[in-house]
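Let me see the structure of the following:
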Amino acid sequence: MPNTPAARGALELATQYQSAAITAHALRSWLWAEAFAHVDGIPGIDHELLYVSAVLHDIGTVAEFDNHRISYEHAGGHVGVALTAGAGWPANRRERVLEVIVRHNWPSVDPALDAEGYLLEIATGLDISGARPNALPVGFRREVLATYPRGTLAAEFGSCVSDQAARKPDTAAKRLIDGGLIDKLAANPLELVG
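Purely as a prediction, here's the structure:
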């Protein structure tokens, strides 16, 4: 973990407001993203930006940060902007937190457009939907899952996104539910890694 005020603050917010299962998902997503950067040969990653974005990418699903109009990824991105403003990040870098968190919910992100957004999108794709399950070494997957177990992620995240989709049908949450999110969570091959 980057040892910076923004990184420490992101983890503190996640731990205080998110459930243990959602926070473990966030930390796994960061580790998967870092591993995909290596596997896919993506250089020049802003590791602190990636960490903060990964840790806060679902914080917009919790009641305290759930916005009644905008999607949970936009709400979470704005939490990231506020946090990094307090940590002294310049405006353009704060905007990057918002972009990365929003783009994690895109169907795909071009790494040439946004390397960190791409990495978070494919990392959460693995952790939620089971995308590219064999791209990372099985020993690494086991180690990450032993450190940050999945626990009740499938039930909790499925419930959060279903709620968001029902209340905000014009957001990515609705696309995820319509795309079979609940079944993908249950069938994720990471559930079987032990």
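
Need the contact partners of the longest helix seen in the chain.
Across the chain, the longest stretch assigned as helix under DSSP state H is helix 20-39. Applying C-beta atoms under 8 Å, 6 or more residues apart in numbering, the contact partners of helix 20-39 are 14-15, 18, 42, 45, 47, 50-51, 54-58, 61-62, 115-116, 119-120, 122-124, 126-128, 135-136, 140, 144-145, 148-153, 156-157, 160. (C-beta placed from N, C-alpha, C; glycine too.)

Can I get the buried ones among these as something I can paste into PyMOL?
Applied in PyMOL, the following selects the buried portion of those according to 16 or more other C-beta atoms under 10 Å:
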select buried, resi 14+18+42+47+50+51+54+55+56+57+58+61+62+115+116+119+120+122+123+124+126+127+128+136+144+145+148+150+153+156+157+160
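
quick one: which of the contacts of helix 20-39 sit in helices?
In this view, these that belong to helices under DSSP H are 14-15, 47, 50-51, 54-56, 115-116, 119-120, 122-124, 140, 144-145, 153, 156-157, 160.

P107: neighbouring residues, count only.
Using other C-beta atoms under 10 Å, P107 is surrounded by 10 other residues.

which SS class is it?
Following DSSP: H, G, I helix; E, B strand; the rest coil, we place P107 in the coil state.

if we can go back for a sec, which positions in the longest helix of the chain come out as buried?
So, applying 16+ other C-beta under 10 Å, buried residues of helix 20-39: 21-37.

Poorly predicted segments of the chain, please.
194 (pLDDT under 70).

quick one, what contacts G76?
Taking C-beta under 8 Å, 6+ apart, one finds L56, H57, D58, I59, G60, T61, F65, I101 in contact with G76.

Can you tell me which of those is nearest A166?
The shortest approach to A166 among the contacts of G76 belongs to T61, at 13.2 Å (C-beta to C-beta).

does that closest one really touch S159, like I thought?
No. T61 is beyond contact range of S159, at 9.4 Å (criterion: C-beta atoms under 8 Å).

any common contacting residues for those two?
Counting by C-beta under 8 Å, 6+ apart, nothing touches both T61 and S159.
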